[in-house]
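K.L.:
Please find the sequence and the predicted model below.
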Amino acid sequence: MDFLGWRDPKAPANAYLVLPRDGKVVGLAMRAAAPHLSQLKRSVCALCMTTHTAADVSLFAARRIGNAGKLGNTVGTYICADLACSLYLRGKRKPSTPSLKPTSTVDEDVARTVASLNKFVDEVLTDNA
Ligand SMILES: [Zn+2]
């Protein structure tokens with residue numbers, strides 16, 4: 001797994017992400033937006049680029065650190081609703097809608113996913129207040 005992500009089974013809007021970063025482990029608490037009701041539309045996870053039905057991708061928002069966070073400033077991104085990007089990347093879990101087979105290798109996909117995730121975390125760790 002490239003990172004750990006899970007949703008609180010008792011409060012599914014609460015999601016957590018834990019990833020290795022600079023030799024340390026960073027954890028984020030996020031809020032998931034209400035799921036999309038449309039099964040017709042498709043959405044793409046901003047991290048692993050897996051195409052899902054819109055209901056299987058959620059907008060997750062994390063509060064920024066410092067004063068910006070205290071002011072309610074959040075950073076949002078669209079991620080697989082089950083936060084299982086690592087499994088989709090390796091073909092261990094399949095999206096409910098068939099997606100085009102990427103021409104890149106798994107290693108390339110993983111590297112891109114980790115880079116995207118770190119960019120998101122960079123944003124969260126920026127106090128722009
Ligand atoms: Zn994903």
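P.N.:
Okay, I see it. Numbers count the residues shown, from 1 in each chain.

K.L.:
outside of stretch 9-27, which residues touch it?
P.N.:
2-8, 28-32, 58, 60, 62, 83, 114, 117-118, 121, 125 (CB atoms under 8 Å, 6 or more residues apart in numbering). All C-beta atoms are positioned from the backbone trio N, CA, C, and that covers glycine.

K.L.:
Go ahead and confirm residue 49 touches residue 109.
P.N.:
Yes: assessed by CB atoms under 8 Å, residue 49 is found in contact with residue 109 at 7.3 Å.

K.L.:
if I pick the residue nearest to residue 120 when sequence neighbours are not counted, what's in contact with it?
P.N.:
In space, and not counting its chain neighbours, residue 120 is closest to residue 77: 5.2 Å by CB to CB, 6 or more residues apart in numbering. By CB under 8 Å, 6+ apart, the contact list for residue 77 reads 46, 47, 59, 60, 120.

K.L.:
Which of the residues you listed fall in strands?
P.N.:
59, 60 (DSSP state E).

K.L.:
Looking at the contacts of residue 77, which one is closest to residue 68?
P.N.:
Residue 68 lies nearest to residue 120 out of those, by CB to CB, at 15.1 Å.

K.L.:
do you know how far the closest one is from the ion?
P.N.:
Taking CB to the ion, to the nearest Å as the measure, residue 120 falls 12 Å from the ion.

K.L.:
got a list of what the residue nearest to residue 85 when sequence neighbours are not counted touches?
P.N.:
Using CB to CB, 6+ apart and skipping the chain neighbours, the partner closest in space to residue 85 is residue 48 (3.7 Å). For residue 48, the contact set (CB under 8 Å, 6+ apart) comprises 80, 85, 86, 88, 89, 109, 113.

K.L.:
Now the residue sitting nearest the centre point of the chain: which helix or strand?
P.N.:
By CA atoms, centre = their mean, the chain has its centre lying nearest to residue 79, at 3.4 Å. Residue 79 belongs to strand 74-80 when assigned by DSSP states H and E.
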